[in-house]
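[1] here is my input, please return the structure:
(one chain, ligands or ions: 1)
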Amino acid sequence: MTHTASRRTVLLATGATALAVGCSDNDDNGGSASATTSSAAVGDARVLARTADVPVGGGKIFKDEKVVVTQPTEGDFKAFSAVCTHQGCTVASVADGTINCPCHRSSFKISDGAPTGGPATTPLPAERITVQGDSIVLA
Ligand code: FES
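    Here you go, the predicted structure:
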């Protein structure tokens, strides 16, 4: 009797192991599929910067991408075109709450890109970014 019971236990355990293996195969497949998807997403999007690179109350200009990323308040990241809406120079600095163009001294608010001085009358267009962990990704 004891013998039979222990044999059943073994069989049940084997069945459970088979099920567990089946499940873990599925998990592995799901895992690789989502890993592929997320690496493709990172491949399409571009990591611009680390969040720590963008000072609170300031910003950082990415000349190659022609994008300026700002952090008006802690944890709130914005991105704008770095091409001045006056005559198309690339903005050159972020200071005292504004993004500044060196050509004719236009300035734009770091919070919404609105012109605050100089000849430009149109805001810097917003760019789409997402923050993924400590990475700022250009969409
Ligand atoms: S091009 Fe920027 S102020 Fe004129």
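
[2] against the ligand, how distant is I61?
    As for I61, its distance to the ligand is 13 Å (criterion: Cβ to the nearest ligand atom, to the nearest Å). (Glycine included, C-beta is placed from N, CA and C.)

[3] excluding chain neighbours, what is closest to D112?
    Using Cβ to Cβ, 6 or more residues apart in numbering and skipping the chain neighbours, the partner closest in space to D112 is P123 (6.7 Å).

[4] where does that neighbour land in three-state SS?
    Using DSSP: H, G, I helix; E, B strand; the rest coil, the three-state assignment for P123 comes out as coil.

[5] can you get me a residue count around it?
    Counted with other Cβ atoms under 10 Å, residues neighbouring P123 total 16.

[6] tell me the contacts of it?
    F80, T85, F108, D112, G113, A114, P115 (Cβ atoms under 8 Å, 6 or more residues apart in numbering).

[7] can you flag the buried ones in these?
    F80, T85, F108, G113, P115 (16 or more other Cβ atoms under 10 Å).

[8] walk me through the domains of the chain.
    With domains defined by automatic domain parsing, the chain comprises 2-44, 47-138.

[9] how about the strands in this structure?
    Secondary structure of the chain, counting by DSSP state E: strands at 46-50, 59-62, 67-73, 76-81, 93-95, 98-100, 107-109, 115-117, 129-132, 135-138.
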